[in-house]
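K.L.:
Give me the fold of what follows.
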Amino acid sequence: MTKFRQHVFALALAIPVVVAGCSPTYRNHGYIPPEMNLSQVVVGQTSQAELESIIGRPSTQGVLAGSSWYYVGSRWEYFGAREPREIDRRVVAVRFNEAGTVTNVESFGLEDGRVVVLSRRVTDSGIQGMGIIRQMLGNVGRVSAGQLLDDF
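P.N.:
Residues are numbered from 1 along each chain as shown. Prediction:
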């Protein structure tokens, strides 16, 4: 009977560990200003300098200096050996006019987004796997003395 009790005790300890290992974990990335701070932004009146003190510096800025500020935040779910899954995303876009005054504040969620496929075109240098001596001597015989003198 003692062995039976030991197995029951071990099983009683193992069950909570297994259940805890199967629960999802969550991670937050980025920064989204709180609604309370966003409500202080007045379109047509708030300047970029004021905006920085109200809601902070953005995660990303537009290509043109002072054109837009973007605040990006997301929440990811990790569950066991599965790939992480983005369960929430929010982007707050603040647009400015040429004078640096807020012209619009927009908020987008994960449901508003679309997948953009990036093309990774990488130019192969062709020198991987070559030793330094082979790289240096690779052009010997391809250049003639006449070609060297034409450059002067």
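
K.L.:
Spell out the residue ranges of the strands in this protein.
P.N.:
Taking DSSP state E as the criterion, the chain carries its strands at 25-30, 60-61, 68-78, 85-96, 102-109.

K.L.:
Nearest to Thr46, out of the ones you listed?
P.N.:
strand 102-109 (4.6 Å; C-beta to C-beta). The way it works is simple: take the backbone N, C-alpha and C, and place the C-beta from them, glycine included.

K.L.:
got the buried residues for that closest one?
P.N.:
By 16 or more other C-beta atoms under 10 Å, the buried positions in strand 102-109 come out as Val102, Val105.

K.L.:
Start the count at 2 instead of 1 going forward.
P.N.:
Done: numbering now begins at 2, and the last item shifts to strand 103-110.

K.L.:
what does it contact?
P.N.:
Contacts with strand 103-110, where a contact means C-beta atoms under 8 Å, 6 or more residues apart in numbering, come from 39, 42-49, 52, 89-98.

K.L.:
does Val93 really touch Pro34, like I thought?
P.N.:
Yes - look at Val93 against Pro34 with C-beta atoms under 8 Å: they come within range, at 6.5 Å.

K.L.:
who touches both of those two?
P.N.:
Tyr72.

K.L.:
hang on, the earlier thing: which of the strands of the chain has the lowest mean pLDDT?
P.N.:
Mean pLDDT is lowest for strand 61-62 among the strands of the chain, at a mean of 76.

K.L.:
mind listing what that one pairs with, with the direction of each?
P.N.:
strand 69-79 (antiparallel) (DSSP bridges).

K.L.:
And the contacts of the partner strand?
P.N.:
Residues outside strand 69-79 that contact it (C-beta under 8 Å, 6+ apart) are 25-34, 49, 52, 56, 59-63, 85-97, 111.

K.L.:
before we move on, back to that, want to try JSON lines for the strands of the chain, with distance to Lys4 as columns?
P.N.:
Shown next, in JSON lines, are the strands of the chain (distance: least, C-beta to C-beta, whole Å):
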{"stretch": "strand 26-31", "distance to Lys4": "37"}
{"stretch": "strand 61-62", "distance to Lys4": "63"}
{"stretch": "strand 69-79", "distance to Lys4": "38"}
{"stretch": "strand 86-97", "distance to Lys4": "43"}
{"stretch": "strand 103-110", "distance to Lys4": "57"}
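
K.L.:
Thank you kindly, that will do.
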